[in-house]
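Participant: Requesting a structural model of the entry that follows:
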Amino acid sequence: MKDPSRSSTSPSIISEDVIINGHSHEDDNPFAEYMWMENEEEFNRQANLLLKQFLFISQIEEELWEEEFIERCFQEMLEEEEEHEWFIPARDLPQTMDQIQDQFNDLVISDSSSLEDLVVKSNLNPNAKEFVPGVKYLNI
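Facilitator: Okay, here's the model as predicted:
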């Protein structure tokens, strides 16, 4: 007959597998998982160093994005200038005095007869008071 305490239906417990309060018997130090706290200052120093490096890298990345954005803006501006005809003084302004004199000669100063025609056909009131900015006039 078999001994009931050695029954095969009950799980066999080997002393090496027994774990009490999360630690096996073989652990010499039950606080081994907290040993990093022994060097907490070193841990904090390394964590701060990593944080500073991360912030520095983030700042550099942001500056690179900003430079790329500015470069794209300049490129778009140059493309826009190429698309449109812009006033270029070196090309569009006359270079010689003869060209300037020709432009002045092309200006027409009207004679007095055409000026009188404008006055006769005008809708303006010749008896109106002279306009002075900032002065309010009352209609009486």
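
Participant: what mean pLDDT would you report for stretch 32-52?
Facilitator: On average, the pLDDT along stretch 32-52 is 86.

Participant: Dump it to CSV, keeping only the CA atoms.
Facilitator: Provided in CSV are the C-alpha atoms of stretch 32-52 (Å, rounded to 0.1, in the frame of the first residue of the first chain):
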residue,chain,number,x,y,z
ALA,A,32,18.1,42.9,-4.9
GLU,A,33,15.5,44.5,-7.2
TYR,A,34,15.9,47.8,-5.3
MET,A,35,19.7,47.8,-5.4
TRP,A,36,19.6,50.4,-8.2
MET,A,37,18.5,52.9,-5.6
GLU,A,38,21.9,52.6,-3.9
ASN,A,39,23.3,54.6,-6.8
GLU,A,40,20.3,56.9,-7.2
GLU,A,41,22.4,60.0,-7.7
GLU,A,42,24.3,58.4,-10.5
PHE,A,43,21.0,57.2,-12.0
ASN,A,44,19.6,60.7,-11.8
ARG,A,45,22.8,62.2,-13.3
GLN,A,46,22.6,59.8,-16.3
ALA,A,47,18.8,60.4,-16.7
ASN,A,48,19.4,64.2,-16.7
LEU,A,49,22.3,63.8,-19.2
LEU,A,50,20.0,61.8,-21.5
LEU,A,51,17.3,64.4,-21.1
LYS,A,52,19.7,67.2,-22.0
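
Participant: distance between stretch 78-91 and the chain's centre?
Facilitator: 28 Å (Cα atoms, centre = their mean, to the nearest Å).

Participant: Could you give the average pLDDT over that stretch?
Facilitator: On average, stretch 78-91 scores 76.

Participant: hmm, who's touching that stretch?
Facilitator: Outside stretch 78-91, no residue is within contact range by Cβ atoms under 8 Å, 6 or more residues apart in numbering. In this view, the C-beta of every residue, glycine as well, is placed from N, C-alpha and C.

Participant: Thank you, goodbye.
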